[in-house]
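Asks: I need the structure of the sequence given here:
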Amino acid sequence: VRHAEILVDDLDVLDPVVAARLVGRALGLAESLPVGSFRRALGRLIDRETAPTLTERHQVAVRGRRIVVEAAGDSMSWVHALVPSVEAHAIFGRVTQKAVVIRDHDRGTTRGGEREGAGERSLDEIRADVFCDLLIDGTVAQHPEQARGIRATVVVTVPALALLGVEGVTDPAEVEGVGPIPIETARELAGGASGWMRVLSHPETGAVISVGRTKYRPPPELAKLVTWRADRCMGPGCS
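Replies: Predicted coordinates:
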């Protein structure tokens with residue numbers, strides 16, 4: 001039943017012509033994979049099929065970017081920002097990194113130290129404070145020195161042939177934990193990167209096959225890969 005619900009939910013939002021092209025392959029995946037693996041495999045299948053129109057759809061969607069304030073009661077409000085996914089995760093990443101440094105500075109310990117008082121701000125509270133500080137004041141002198149130079153890192157997975165613009169290759173680029181982005185955006189990010197990490201993956205399952213080096217002691221690149229992959233549960237069938 002869960003397979004059927006995922007199949008209907010994911011295909012129903014697509015253009016009927018696209019859904020009709022995918023339904024046969026989607027049924028094949030549903031019959032052979034557990035629920036969690038099926039959900040991810042179906043998502044990859046849809047991403048590949050809709051990749052050729054992603055740039056056009058993104059260009060239309062990005063014209064709707066905006067910021068909205070919504071009252072929440074008790075003299076509080078939500079600030080909603082609809083922005084491109086790359087920028088959104090870069091913002092959240094930078095705010096989080098700065099918040100961790102400030103939390104540890106307030107504790108007077110290294111990361112992972114014990115609480116020293118019941119009145120200590122939570123990480124969510126510090127994130128909100130940093131968000132306000134940066135948007136209202138721009139540069140914030142009262143932040144600890146080690147928190148002032150922090151910049152966000154966004155992990156983008158790009159098929160090499162798609163990055164090179166090989167004719168007929170339409171596999172999308174993906175921001176880790178977010179989803180597909182236009183290949184033009186991926187090229188811009190790759191061009192500005194200080195270095196690339198080569199990761200070979202299976203074209204159908206997405207499983208990592210090689211990180212370019214084979215040693216018992218993992219190279220720094222593999223350590224980074226493991227850290228990025230560990231942001232979700234790796235249990236069988238878990239999403």
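Asks: Tell me the spacing between the closest residue to residue 66 other than its chain neighbours and residue 176.
Replies: Excluding its sequence neighbours, the residue lying closest to residue 66 (Cβ to Cβ, 6 or more residues apart in numbering) is residue 82, at 5.5 Å. (Each C-beta comes from the backbone N, C-alpha and C, glycine too.) In this structure, residue 82 and residue 176 are 21 Å apart, going by Cβ to Cβ, to the nearest Å.
Asks: about what we covered before: please report phi then psi for the residue nearest to residue 66.
Replies: As for residue 82, its main-chain torsions (degrees, to the nearest 10) stand at phi -100, psi 110.
Asks: hang on, it packs against residue 64?
Replies: Yes: the pair formed by residue 82 and residue 64 meets the contact definition of Cβ atoms under 8 Å, at 6.5 Å.
Asks: from the chain's centre, how far out does the helix or strand residue 41 falls within sit?
Replies: Assigned by DSSP states H and E, residue 41 belongs to helix 35-50. Relative to the centre of its chain, helix 35-50 is centred 16 Å away, using Cα atoms, centre = their mean, to the nearest Å.
Asks: so for it, what's the average pLDDT?
Replies: Helix 35-50 comes out with an average pLDDT of 88.
Asks: Equivalent analysis for stretch 10-27, please.
Replies: On average, stretch 10-27 scores 91.
Asks: Please enumerate the helices of this protein.
Replies: 2-12, 16-32, 35-50, 54-62, 85-107, 123-137, 145-148, 160-164, 183-191, 220-229 (DSSP state H).
Asks: quick one, which of residue 82 and residue 64 is more surrounded?
Replies: Using other Cβ atoms under 10 Å as the criterion, residue 82 and residue 64 rank with residue 82 on top: 12 against 7.
Asks: Look up how far residue 175 lies from that one.
Replies: 16 Å.
Asks: ok, back up a step: roughly how far does the residue nearest to residue 66 sit from residue 135?
Replies: Residue 82 is 16 Å from residue 135, by Cβ to Cβ.
Asks: Ok, residue 146 next?
Replies: From residue 146 over to residue 135 (counting by Cβ to Cβ), the distance is 21 Å.
Asks: ditto for residue 81
Replies: Taken as Cβ to Cβ, the span from residue 81 to residue 135 is 10 Å.
Asks: number of nearby residues for residue 100?
Replies: Residue 100, neighbours per other Cβ under 10 Å, totals 16.
Asks: Let's see the pLDDT reported for it.
Replies: On the pLDDT scale, residue 100 gets 90.
Asks: Flag the shaky bits of the protein, pLDDT-wise.
Replies: 109-119, 154, 177-178, 191-198, 203-206, 212-219, 222-224, 226-239 (pLDDT under 70).
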